[in-house]
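got a predicted structure here, sequence first:
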Amino acid sequence: IEAGTFMMAAAATRGDITVKNVIPKHLDCLSSKLREIGCEVSEFDDAVRVVCKERLHATSVNTLPYPGFPTDMQPQMSVVLGTSIITEGIWGSRYRYTEELTRMGANIQVESNIAIINGIEQFSGTSVTVPDLRAGAALVIAGLAAQGVSVLEDIVYIKRGYEDFAEKLTSLGGIIEEVE
């Protein structure tokens, strides 16, 4: 999930990231979707490189048990997508983050287990509250891709689930400052 989160960050920020110490086969469903929407994905023995140079294409995503698309990557993927549809097949309350993304400029309509995403050019920085771990990662990614400053409150979930997340993103060029 952590490797996938960095892969989505590369796509959302139109970046270039190599994620090392992974088993690329375990990331096939993510790599496949990223290729489908327009990213370049290269796989090596123990690494995956994601390069995104242009606006991404539409797709549909259905979360399923492994080896399908993981529900834990659904919020991060929603930040990357242009006009697309996500069907949540695992966890019914996964869409709690959409209100916060909407505050950042996203255009997402949720009906039952389906989210309809109408693509936007860019997120806008604002203050948001982190409702859970994976939503927090998605909001960080949206903040990195946003114009302006984003402030995330209640980051305890992120700190619990991602070791040294801010430091790792900073080492990749992200501008992140953790404050009390």
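Here it is on my side, so go on. Numbers count the residues shown, from 1 in each chain.

please count neighbours and contacts with C-alpha atoms only from this point.
Fine.

I'd like to know which elements the longest helix seen in the chain is packed against.
The single longest helix within the chain, with elements called by DSSP state H, is helix 133-145. Here helix 133-145 touches helix 2-12, helix 74-80, helix 98-103, helix 156-161, going by 3 or more C-alpha pairs under 8 Å, 6 or more residues apart in numbering; DSSP states H and E.

could you redo the last one with a cut-off of 10 Å?
Counting contacts by 3 or more C-alpha pairs under 10 Å, 6 or more residues apart in numbering; DSSP states H and E, helix 133-145 packs against helix 2-12, helix 74-80, helix 98-103, strand 127-129, strand 151-153, helix 156-161, helix 165-171.

among these, which comes closest to K53?
K53 lies closest to helix 2-12 among the helices and strands packed on helix 133-145, at 8.4 Å (C-alpha to C-alpha).

report the buried residues of the next helix or strand along the chain from the closest one.
Using DSSP states H and E, the next helix or strand after helix 2-12 towards the C-terminus is strand 16-20. Buried residues in strand 16-20, counted by 16 or more other C-alpha atoms under 10 Å: 16-19.

do stretch 27-36 as well
27, 29-31, 33-35.

how about stretch 173-180?
Buried residues in stretch 173-180 (16+ other C-alpha under 10 Å): 174, 176.

report the mean per-residue pLDDT for that stretch.
Stretch 173-180 carries an average pLDDT of 90.

what are the contacting residues of it?
9, 13, 15, 140-141, 143-145, 149-152, 155, 165-170 (C-alpha atoms under 10 Å, 6 or more residues apart in numbering).

the same query, at a cut-off of 6 Å, please.
Under the contact criterion C-alpha atoms under 6 Å, 6 or more residues apart in numbering, stretch 173-180 has no outside partners.
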